[in-house]
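Student: Quick one, structure for this:
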Amino acid sequence: MFAISRRRLVLGSAGLLAAGALAQNLLGRAALAAPDAAPTPGNFFAVSRALTGMPLPDPQLAQRLYQALLPRFPQLNPLLDALATLLQRHDVQDGAALQRQLAQHAAPLTQLYHALISGWYLGVIGDADHPECIAFENIVSYQLVHDSLMPPSYCPGEPNFWVRPPQKESNHV
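Tutor: The predicted model follows:
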């Protein structure tokens, strides 16, 4: 017959309780960490391509930018449609003319235009009092010059250089 001592019963129960609490905590955090993201509409990519001049902007940055714009612009998708229509009708390369056209429309359309430009080129949206940083190394302004310039930083290497294992030291020091 198998005898269970009081000590084994208490230790086993405590271990089981701790394992259950840990598993519940980890599973709960995993469920909270991966919310279902709203799909990025095609017109968002079309407007982004027109504004950046890049054939395929970074899809991860696009998703972050779109998610950051949703709470700031409750009517985001209709505004994107209106901006896409405006960009199709007018030359995007002539910034001054585009600004004049935007001035004739409602303020939210102009604000969305500025938020998109700021998000893609600076990686920051929002006003000076409430900025939200959504990106750094993969913003458009750095992608355009990535072959010759690195983003400004206090670190000695390119952004995220520390994620790669260091090169082996040579015997010649």
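Student: average model confidence for stretch 53-63?
Tutor: Per-residue pLDDT over stretch 53-63 has a mean of 83.
Student: got the contact list for that stretch?
Tutor: 37, 40, 44-45, 48-49, 120, 123, 134-135, 138-140, 143 (C-beta atoms under 8 Å, 6 or more residues apart in numbering). Glycine gets a C-beta too; all of them are placed from N, C-alpha and C.
Student: Next, residue 125: phi, psi?
Tutor: In terms of degrees, to the nearest 10, the main-chain angles of residue 125 are phi -120, psi 160.
Student: Now the element after the lowest-mean-pLDDT helix or strand in the chain, going C-ward?
Tutor: Ranked by mean pLDDT, DSSP states H and E, the weakest helix or strand in the chain is helix 6-33, scoring a mean of 67. Scanning forward in sequence from helix 6-33 by DSSP states H and E, the next helix or strand is helix 42-52.
Student: Enumerate the positions of the helix or strand just after that next one that are buried.
Tutor: Sequence order places helix 59-72 as the next helix or strand after helix 42-52, per DSSP H and E. The neighbour-count check on helix 59-72 (16 or more other C-beta atoms under 10 Å) flags 61-66, 68-69, 72 as buried.
Student: would you turn those into JSON lines with distance to residue 94?
Tutor: JSON lines is the format used below for the buried residues of helix 59-72 (distance: C-beta to C-beta, whole Å):
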{"residue": "61", "distance to residue 94": "26"}
{"residue": "62", "distance to residue 94": "25"}
{"residue": "63", "distance to residue 94": "30"}
{"residue": "64", "distance to residue 94": "29"}
{"residue": "65", "distance to residue 94": "24"}
{"residue": "66", "distance to residue 94": "26"}
{"residue": "68", "distance to residue 94": "28"}
{"residue": "69", "distance to residue 94": "25"}
{"residue": "72", "distance to residue 94": "27"}
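Student: which residues touch the residue positioned nearest the centre of the chain?
Tutor: Most central in the chain under C-alpha atoms, centre = their mean is residue 64, positioned 2.9 Å from the mean C-alpha point. Contact partners of residue 64, counting by C-beta under 8 Å, 6+ apart, are 134-135.
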